[in-house]
Structure formats: C-alpha cells, structure tokens
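**Student:** fold the following.
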Amino acid sequence: MRKIILSVILITILVLTFISNFIIADNPIPAEAVKFDTGDTAWMIVATAFVLLMTPGLGFFYGGMVGKKNVISTMLQSFMAMVIVTILWTVVAFGLAFGPTIGGIIGNPSYNLFFEGVGTNTAWSLAPTIPFILFALFQAKFAIITPALITGAFAERVRFWAYLLFMVLFILFIYTPLAHMTWHPDGVFFKMGVLDFAGGTVVHMSAGWAALAGAIFLGKRKIQKVNPARITYVLLGTGLLWFGWFGFNAGSALGANGLAAQALGTTTVAAAAAAMAWVFLDKILGHKLSALGACIGAVVGLVAITPAAGFVSISHAIFIGLFSAIVSNLVVSKFPKGKIDDALDVFACHGVGGMVGMLLTGVFASKAINPAVGDNQGLIFGTPTLFLNQLTALVVVSIFAFVGSYILFFVVNKITPLRVTEEKEELGLDISQHGEFL
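**Tutor:** Reported below is the predicted structural model:
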C-alpha cells in the first residue's frame, strides 16, 4: 500500500508541474512595479542560505546527543525536512501562510499554488525592496527547521514514514496558521500588535509544544539514559546553528540596514550570555562545566532572543540570554523525565525559551530601537499593553500548538503506527529503519 501511495504522489506532482501553465490561474497578488535594492537583495540571498544551514546544523546537534544506534536516523529526520517541506511550501503552504487572508487565521492558497504569482518582478508588501520569490524562499527555511526541531523529543523510537506524514500535517495545520496570524498584515496577532521578530511563537513555541505532545503520545523509550554518541557533533551543530541564526534573526529585518545590524548584535550577545549562564549555573548546582551544557545554553539564548532581536537593546539582550538560560536549565533539571520522555529536552529549551523570549519582548521592546514598536513599548517603559498582548498570544499559541499537535499525532497513529516495535527500538533506528549504521 505504501508503494502505491508514494507512486501516486510522485506521478501527481509530475503531471501537475508539467501542465501547471494550463490548470493554474494567473492570479498574482497585486503589487506595484518596484525597483529593488541590490544590497537588500544580496543580503537576503545570503541570509536565506544561512537559515537553511541551520537545519543540517540541527541534525549534528541532535545526532550527537542520541545513542550511537540512532545517529543516522536522527540526522536524516532533519535532512528530510529540507526535502519534504521545500516541495510542500512551494506547492501550497506558502499560500496558506502568506496568501490573502481568510478571517485573519489562514491564507488563501489558490493565489500561489506552485509559486504562481511569486516571481521576480513583484514584492511582498512588508519587504518592498526585494523580489517576492526571495521573500518566499526565505520564509521557506523557517518552515523547514520547525518540524525538524520537534524530532528531538521523540528521538530513538519513532517510525520514519510516520514522522514524514506528521511533518506534512504539522506544516499545513499548525505552522501555516501561526505564520499567517503572526506575520501577515491582516493576521489576528499582527493586528493585535503582537511582536515576534523572527519566530518565537511561529517556530519555537509551536515546536516546543508539539514536542511535548509527541513525547507524551509516544511514551517513554525502553532505555532512557544513553551516552551521547558524539559530543563533537553537538559542538559542530551548535556552531552551525549560531552561524545560521544570524540569517534567521538579522535576515528578518528583510534588508541590509541598521535593524539587521542591531538584530545581529542582540543575537550575538544573547547566545554568549546564555551559554555563560548555563555553565555557571551547572557549576553552582554541583555539576561539571560540560561542552554539552555550553552548547545547550547557547541555543537557548538564540531561541529566546529570536522574537526580540529587532526590538531590544544590546544590554537587554544580555539580560534575555542570562534569564532564559537560568529558567530553561531549572526546567530541564525539574522536568519529570521518569514520566515524560522528552529525549533531548526540546520543550524545556525551545518551548520554554520561546515563551521567555516572547514575554521579555513585551518587557523590553523599545521604539528607540525599532520605530515599528510605536507607543506600545515594553513594560519597563511603563506601558503594559504590549506585554498583555504578548501574554495573550503566548496562551493562545500554547493551547493551539499542543492540542493541535496531539490530535495530529493521534490521526497519524491511526493511519500508520508512530512508534517502532520494542525489537526495532532495541536494534536501533539506523539499522531497523534505514539499513545503515556508523
């Protein structure tokens, strides 16, 4: 049956792309002809490549932390996100995220099927100095890494084909509504004034809550404590993530400008501060200063600064890095691992880090840094409106992402079992799922 389904999918895509000019209406989003800025365009091409590099970086980061029998499978889950989500985004998901709004919740995909109307002669309304297709491809890289982040929670026990199906459903039903509500000018969160510079809600909170739902649904691994296969992989992955995150955050300025430079600066210091806080706290709590701790701390800082990167000062970015690392470290240490097996602490790092970052954006956002903040500045400047908006979005996104993801896990499990058998788990996913080994 699976062979038939896969054959149908391949043949359908072949046929539709071959005859696309006959069956897809030419309905580009209206836009005035613009003269693009070559500097902005050049930077955004580079930033797009940076963000894509984060996903193989994540593969190394996660792959080094799992047991030796599951390294290839874990890294391949990230790699296949680049493959599947790229096609899905081009065919329909971009339109769902950024097409004309339907109630401020989701976009109308009919305008942009197979990137119809997404070309080099028009521009997105909020990125007028770069080609529309470049904006769409930049956003594709955000969509790619989000389901890959989730995989750390159910590492070492998920069937690969079931993961691929969940990834498709997650992008269509969880990611695209959140992207539309947060980043589309007609989205409900955008119109509320919620600030998310580069994906605190859309990427990290959604992935964190989906990870928690997956860990609960799949249950515990047979053996929860395993020795990390390659700490050197974790170090390499962290370096690639940190490097790519400059595209993630600075690229979200959508131009080569002062705001991009500010976001690069806040990203740099938040990551460094968080890594420092994590290893210092480990020592305070009686643990050794470890490479693994330093890497996790840096990533937590990168997560937490993501929603705030273009809205806060350098000093406040340092605070965000320090505070987020302390909170996530304590959550990791107190997380009920005996009951919920979030294998690589995705919820404690990405989910909690994203929530801390969203709330602290509501505390520290300043119109002196970014005039788009307007009069609804952060709580520290005496205006509570933004903080309350951030808190409202946090609650809504948390409920939506957790409940929605749990339902998707349930649906996928009804279609095809999510979890491998005990025998295959014992054998390791590298051999049992892919016939390969280190």
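**Student:** contacts only, for residue 204.
**Tutor:** 149, 303, 306, 350-351, 353-354, 357 (C-beta atoms under 8 Å, 6 or more residues apart in numbering). Yep, even glycine has a C-beta here, placed from its N, CA and C like the rest.
**Student:** most neighbours out of those, which is it?
**Tutor:** The most crowded member of the contacts of residue 204 is residue 357, carrying 35 neighbours; neighbours defined as other C-beta atoms under 10 Å.
**Student:** avg pLDDT for the host helix or strand of it?
**Tutor:** Per DSSP states H and E, residue 357 falls inside helix 352-364. For helix 352-364, the mean pLDDT works out to 98.
**Student:** next: stretch 272-289.
**Tutor:** 96.
**Student:** quick one: the helix holding residue 357 to chain centroid distance?
**Tutor:** 16 Å (C-alpha atoms, centre = their mean, to the nearest Å).
**Student:** counting contacts, what elements does that helix pack onto?
**Tutor:** Judged by 3 or more C-beta pairs under 8 Å, 6 or more residues apart in numbering; DSSP states H and E, the packing partners of helix 352-364 are helix 206-218, helix 291-305, helix 314-334, helix 385-415.
**Student:** for residue 14, find the nearest of the ones you listed.
**Tutor:** helix 385-415 (24.0 Å; C-beta to C-beta).
**Student:** out of the helices and strands packed on helix 352-364, which is closest to residue 181?
**Tutor:** Per C-beta to C-beta, nearest to residue 181 of the helices and strands packed on helix 352-364: helix 385-415, 8.6 Å.
**Student:** give the contact list for the closest residue to residue 356 other than its chain neighbours.
**Tutor:** Take residue 356 and drop its neighbours on the chain: the residue closest to it by C-beta to C-beta, 6 or more residues apart in numbering is residue 324, 4.5 Å away. By C-beta under 8 Å, 6+ apart, residue 324 lies in contact with 270, 274, 300-301, 303-304, 352-353, 356-357, 360.
**Student:** repeat that with 6 Å
**Tutor:** Applying C-beta atoms under 6 Å, 6 or more residues apart in numbering, we find residue 324 in contact with 274, 300, 304, 353, 356.
**Student:** now swap in residue 66 and tell me
**Tutor:** Contacts for residue 66 (C-beta under 6 Å, 6+ apart) come out as 74, 155-156.
**Student:** secondary structure class for it?
**Tutor:** Under DSSP: H, G, I helix; E, B strand; the rest coil, residue 66 falls in the coil class.
**Student:** and it, how close does it get to residue 339?
**Tutor:** 20 Å (C-beta to C-beta, to the nearest Å).
**Student:** re earlier: pLDDT score for the residue nearest to residue 356?
**Tutor:** Residue 324 carries a pLDDT value of 97.
**Student:** against residue 146, how distant is it?
**Tutor:** Applying C-beta to C-beta, the value for residue 324 to residue 146 is 19 Å.
**Student:** over to residue 94?
**Tutor:** Using C-beta to C-beta, residue 94 is found at 14 Å from residue 146.
**Student:** now do residue 133
**Tutor:** Distance, residue 133 to residue 146, by C-beta to C-beta: 21 Å.
**Student:** higher neighbour count, those two?
**Tutor:** With neighbours defined as other C-beta under 10 Å, residue 133 and residue 146 compare such that residue 146 has more, 27 against 17.
**Student:** double-check that one against residue 205; I have them as touching.
**Tutor:** No: using C-beta atoms under 6 Å as the test, residue 146 is too far from residue 205 to be in contact (10.2 Å).
**Student:** cheers, nothing more for now.
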